[in-house]
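# The following comprises the amino acid sequence and a computationally predicted model.
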Amino acid sequence: MAAQDAKLKQIANELEGRLANDNGVPRNIRKGATNAVELLLDNNKALDLRISNAINILADLSNDPNIPMESWSAIMQILSDLEIMLKNLN
């Protein structure tokens, strides 16, 4: 469980660094990334629920027509990491 928490924290930090704190990213994308980080780090909810909710938020963000290509690539990479984590939980 500690390894999963460490991996989740690493993903949250990457999400913050690459999207949430980047002023070159549109505001709605930064807000969605911040919401996903808060969900991932909320220990009051089950791990699979946190990951699933973050995946849903990021999937919605990836369909935004105003998203820069490098931000879209970052979201896709993070989505892939989260989906692998979710698959390994089951």
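Sure, I can see it.

# For the rest of this, base every contact and every neighbour count on C-alpha atoms.
Noted.

# buried residues in the longest helix along the chain?
Determined from DSSP state H, the single longest helix within the chain is helix 69-89. Across helix 69-89, burial judged by 16 or more other CA atoms under 10 Å covers 71-72, 74-75, 78-79, 81-82, 85-86.

# same thing with stretch 15-32?
15-16, 18-20, 25, 29-32.

# So which of those residues sits lowest on pLDDT?
In terms of pLDDT, residue 20 ranks lowest among the buried residues of stretch 15-32, with 87.

# pLDDT weak spots in this structure?
Applying pLDDT under 70 to the chain flags the ranges 1.

# in it, which spans are strands?
For the chain, no strands turn up when DSSP state E is the criterion.

# Quick one: list the elements packing against the longest helix of the chain.
Packing contacts for helix 69-89, counted by 3 or more CA pairs under 8 Å, 6 or more residues apart in numbering; DSSP states H and E, involve helix 2-15, helix 47-62.

# Other residues contacting that helix?
4, 11, 15, 18-19, 25, 48, 51-52, 55, 58-59, 62 (CA atoms under 8 Å, 6 or more residues apart in numbering).
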